[in-house]
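**Student:** I would like to see how this sequence folds:
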Amino acid sequence: MTVLEELLKWSQHRPAWQRDALRRLVLSGDLSDEDIRALTEICKSAHGLAEQQDIAPLTKEHVPDKNAGNAPVSLLSIFHHRGVNALAEDQTLNFAPNLTVVYGDNAAGKTGYIRILKSACRARGQERILGNVVAGVVPLSPVVSIKYKVGTEPEPREWTGSGEDAFISRVSVFDTQCAAVYLTEKTDVAFRPFGLDLFDKLVKACKGVRTKLESEQRALGSNALAVVQAQIPERTAVAKLLASISSLTNPESVQTLARLSPEETAHLGLLERSLLDLQANDPEKLIRQLTLRAGRVQALARHLKEVEAGLSPEPVAAAFDSRTEGGRKTEEARRLRDATFPAGVLSGTGSEAWTALWEAARRFSQEQVYPGKAFPVVEDGAHCVLCQQDLDHAAGHRLRQFEAFVVSSTERELRQVRETFARLRTSFIDLKTTTGAIDDTLKEIRIEHDAVADAITAALVTNENRRKAVVLALIENKDLAADCPALEPVATRPMGLLSRSRRASRRWATGRTATNAKASPPRRKSCGPAHYLPSMRRLSWTKSNARRELLPTSCASTTRRPMLSRRKARP
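**Tutor:** I've put the predicted structure just below:
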């Protein structure tokens, strides 16, 4: 039985974390800091002090086969190409299967081949391979190779003079230089079979785990959380967590409370602004700010009323009725044209475009050519203001017919209907459901009243879709689509906020007046109850209440980040 097999049998009765440590040592040779941390968690989990960990103990599969890697290595040849001492180039020294004797005179090259072997094999007293220093030229770099055979492999292997080779390094070389090292130099030769060193490494691992556990124990015993707990408001989520914190506490739960959500960040900013307002101690300035805010809210309410009035069923119906009336008047005008105009007039005579041309000719005649005379001027010698030719009797008669048609009641009513329809259609086209100022006011409201801002925004989107549907139907001369959104009124929502703000301001002003009346000696002004604060839901907060909602920066021990209490704000 090998050492590792004995160690495996011995480890069956050891704690799970030690068996896991032995597996890591057998596979890796040493333990890293991460290994010590993982082993500490496994040790704690066995006693219910940490979450359950995955354990991989030392098993038979981790113990190497005792027969593996023991195949013998035998040298076959040494090939010298160049660069080693004064050896002849491109020479091969072959080895016999059992014993090979190399002999020769001094300086024949025996030591050169030994130096090649020592550079690749295991030997004490390594020697540097030198080039031919007596050749008269710069020595070339050594180029050599060693062929060897491992066990019963059919093909030999080759070491080409660079890098380490696990097989060739099994060969031991001993020469006079190695003997001198053993005889004259002091060397500590300590060898323990593989496996016995695992006990020392396991002891070192035990000490590392013990140091880690003692460090955590001292951290818990010092009660470093006491300073933080003293600054946390009671009955909050943070206070409850600190009171029940242990090694089993989920770090994600701590991070969730330590980090501010977007809503809490907005809440924190509101509280900081509220404290600044309280510390400023300038009620007149706050009243002016509230007045400006009230003006913006009133402008929003007026805008919503205008949008709702413009998109209400009455003006929409009026536009479509005007378009229908225009069609009816157009048909009446067409019949009048057919009865009034003689045969042979150009197509389109009497149409809307023709009427515009006629009215332009009227202005040109009355303002430029024939001022003070009734249009059309058909007297003798008069000229047509359009073609500027002399007017004969037939042409004059035709112009009088045209004028009679234009000034007829039917044509006049048609023009009025067309003007009314154009005005109504333009009112829908030019209607702006939202503007930059409206968006800014909604952003300001959203800080304190998300629900109100969302309702107004949704209503504006719906009403804008309604406006687009009406405009499309009017432009394309179609009926209003069946899926046209209904009007969504929200004009009263901003006024509700404004009413609450005014009531809160009056309560604050009344309370402040009563307080000042009771104070006999002159005293420093006090901000009084924070009813005037911009936050409508937090108008009743006092300065102390606002301070309790904020945690000081010193509460964050290492990260120095403020932690926000999860306690709900008072209505």
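**Student:** switch to C-alpha atoms for all contacts and neighbour counts from now on
**Tutor:** Fine.
**Student:** can you list the buried residues in stretch 44-64?
**Tutor:** Buried residues in stretch 44-64, counting neighbours by 16 or more other CA atoms under 10 Å, are found at 44-45, 50-51, 57-59, 63.
**Student:** return the member of those residues nearest to residue 164.
**Tutor:** Nearest to residue 164 among the buried residues of stretch 44-64, counting by CA to CA, is residue 63 at 25.4 Å.
**Student:** so for the residue nearest to that closest one when sequence neighbours are not counted, what's the pLDDT?
**Tutor:** Nearest non-adjacent residue to residue 63, counting by CA to CA, 6 or more residues apart in numbering: residue 4, 6.4 Å away. On pLDDT, residue 4 comes in at 81.
**Student:** equivalent analysis for the one 10 residues further on, please.
**Tutor:** Confidence at residue 14, expressed as pLDDT, is 92.
**Student:** one more: the one 5 residues further on?
**Tutor:** Residue 19 carries a pLDDT score of 92 in this model.
**Student:** that one in helix, strand or coil?
**Tutor:** helix (DSSP: H, G, I helix; E, B strand; the rest coil).
**Student:** pretty sure it sits against residue 43.
**Tutor:** No: Residue 19 is beyond contact range of residue 43, at 11.0 Å (criterion: CA atoms under 8 Å).
**Student:** what distance do you get for residue 73 to residue 125?
**Tutor:** Counting by CA to CA, to the nearest Å, the gap from residue 73 to residue 125 is 22 Å.
**Student:** which strand runs longest in the protein?
**Tutor:** Assignment by DSSP state E gives strand 73-82 as the longest strand of the chain.
**Student:** partners of it in the sheet?
**Tutor:** Strands flanking strand 73-82 in the sheet, each with its direction: strand 91-94 (antiparallel), strand 143-150 (antiparallel) (DSSP bridges).
**Student:** highest average neighbour count across the ones you listed?
**Tutor:** strand 143-150 (a mean of 19; mean count of other CA atoms under 10 Å).
**Student:** rewinding a little: can you say which of the strands paired with strand 73-82 is nearest to residue 116?
**Tutor:** Nearest to residue 116 among the strands paired with strand 73-82 is strand 143-150; the distance by CA to CA comes to 7.7 Å.
**Student:** now the closest one - C-alpha only, PDB.
**Tutor:** The C-alpha coordinates for strand 143-150 follow below in PDB (Å, rounded to 0.1, in the frame of the first residue of the first chain):
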ATOM      1  CA  VAL A 143      23.300  22.900 -31.100                       C
ATOM      2  CA  VAL A 144      22.900  19.400 -29.800                       C
ATOM      3  CA  SER A 145      20.200  16.600 -29.400                       C
ATOM      4  CA  ILE A 146      19.800  13.500 -27.300                       C
ATOM      5  CA  LYS A 147      17.800  10.500 -28.400                       C
ATOM      6  CA  TYR A 148      16.300   8.200 -25.800                       C
ATOM      7  CA  LYS A 149      13.700   5.500 -25.400                       C
ATOM      8  CA  VAL A 150      11.000   5.300 -22.700                       C
END
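**Student:** so after it, what's the next helix or strand?
**Tutor:** strand 157-159 (DSSP states H and E).
**Student:** what's the end-to-end length of stretch 477-494?
**Tutor:** Distance between the two ends of stretch 477-494: 37 Å, counting by CA to CA.
**Student:** now it: mean pLDDT?
**Tutor:** The pLDDT scores in stretch 477-494 average 86.
**Student:** hmm, who's touching that stretch?
**Tutor:** Here stretch 477-494 makes contact (CA atoms under 8 Å, 6 or more residues apart in numbering) with 297-298, 300-302, 304-305, 308, 311-312, 452, 455-456, 459, 462-463, 465-466, 469-470, 473.
**Student:** give me that answer again for 7 Å
**Tutor:** With CA atoms under 7 Å, 6 or more residues apart in numbering as the test, stretch 477-494 has contacts from 297, 301, 304-305, 308, 311-312, 452, 456, 459, 462-463, 465-466, 469-470, 473.
**Student:** could you do stretch 19-37 as well?
**Tutor:** Under CA under 7 Å, 6+ apart, the answer for stretch 19-37 is 11, 55-58, 62, 202, 205, 208-209.
**Student:** out of the residues you listed, flag the one nearest to residue 172.
**Tutor:** Ranked by distance to residue 172 (CA to CA), those are led by residue 62 at 29.6 Å.
**Student:** now do the same contact list for the closest one.
**Tutor:** residue 23.
**Student:** run the last query once more with 8 Å
**Tutor:** 23, 26-27.
**Student:** and those, which is closest to residue 379?
**Tutor:** When the contacts of residue 62 are ranked by distance to residue 379 (CA to CA), residue 27 comes first, at 122.4 Å.
**Student:** on that earlier part again, okay, the contacts of residue 62 in CSV with distance to residue 239 and pLDDT next?
**Tutor:** Formatted as CSV, those follow (distance: CA to CA, whole Å; pLDDT from 0 to 100):
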residue, distance to residue 239, pLDDT
23, 43, 90
26, 47, 84
27, 46, 82
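**Student:** those, buried ones only, as a ChimeraX selection?
**Tutor:** For the buried members of those, the matching ChimeraX selection, counting by 16+ other CA under 10 Å, is:
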select :23,26
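**Student:** and stretch 354-363, how far from the chain's centre?
**Tutor:** Computed by CA atoms, centre = their mean, to the nearest Å, the separation of stretch 354-363 from the middle of its chain amounts to 64 Å.
**Student:** give the buried residues for that stretch.
**Tutor:** By neighbour count with 16+ other CA under 10 Å, stretch 354-363 contains the buried residues 355, 358, 361-362.
**Student:** can I get the residues you listed in JSON lines including pLDDT, distance to residue 274 and secondary structure?
**Tutor:** Below are these laid out as JSON lines (pLDDT from 0 to 100; distance: CA to CA, whole Å; DSSP: H, G, I helix; E, B strand; the rest coil):
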{"residue": "355", "pLDDT": "78", "distance to residue 274": "67", "secondary structure": "helix"}
{"residue": "358", "pLDDT": "80", "distance to residue 274": "69", "secondary structure": "helix"}
{"residue": "361", "pLDDT": "88", "distance to residue 274": "70", "secondary structure": "helix"}
{"residue": "362", "pLDDT": "83", "distance to residue 274": "70", "secondary structure": "helix"}
